[in-house]
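Chemist: Just to be clear, the model below is a prediction. Sequence and coordinates:
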Amino acid sequence: MTNMEFKRWLNPSELEAEYGFSKSSQAKMRMVSNSSKIPFSKIGNFIKYDRIAIDKWLEANQVQGGDL
């Protein structure tokens, strides 16, 4: 992906295609009240995910090899 193709805000279908989170998993992760709550914005009836916030969230919620 080049800088010209970089899309910062993703809809649920784009998040699913790029990160592999199904739409049903996304819905569940939006409702939890702990650190596994996925960062999102709601604009009207539309859910949007900030790619930068998602990347930071993934880094913050990594599981180390010994924690399995």
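Modeler: Done, it's in.
Chemist: where along this protein do the strands fall?
Modeler: 9-10, 41-43, 46-50 (DSSP state E).
Chemist: Those into a markdown table, with extra columns for distance to Ala27?
Modeler: No exception for glycine: its C-beta is placed from N, CA and C like everyone else's. Formatted as a markdown table, those follow (distance: least, Cβ to Cβ, whole Å):
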| stretch | distance to Ala27 |
| --- | --- |
| strand 9-10 | 15 |
| strand 41-43 | 12 |
| strand 46-50 | 9 |
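Chemist: right, so of those strands, which gets closest to Gln26?
Modeler: strand 46-50 (7.7 Å; Cβ to Cβ).
Chemist: Make a markdown table out of the strands of the chain and add mean neighbour count and distance to Val32.
Modeler: Shown next, in a markdown table, are those (neighbours: other Cβ atoms under 10 Å; distance: least, Cβ to Cβ, whole Å):
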| stretch | mean neighbour count | distance to Val32 |
| --- | --- | --- |
| strand 9-10 | 16 | 20 |
| strand 41-43 | 9 | 16 |
| strand 46-50 | 16 | 15 |
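Chemist: Nearest approach to Asn34 belongs to which of those?
Modeler: Of these, nearest to Asn34 by Cβ to Cβ is strand 46-50, at 18.4 Å.
Chemist: so how far is that closest one off the chain centroid?
Modeler: Distance of strand 46-50 from the chain centroid (Cα atoms, centre = their mean, to the nearest Å) equals 9 Å.
Chemist: Just give me the residue closest to the centre of the chain.
Modeler: Relative to the mean C-alpha position of the chain, the nearest C-alpha, by Cα atoms, centre = their mean, is the one of Ile54, at 4.4 Å.
Chemist: residues contacting that one?
Modeler: 10, 15, 19, 38-39 (Cβ atoms under 8 Å, 6 or more residues apart in numbering).
Chemist: Swap in 10 Å and give it another go.
Modeler: Applying Cβ atoms under 10 Å, 6 or more residues apart in numbering, we find Ile54 in contact with 10, 15, 18-19, 21, 38-40.
Chemist: The strands of the chain: which one's closest to Ser25?
Modeler: strand 46-50 (12.6 Å).
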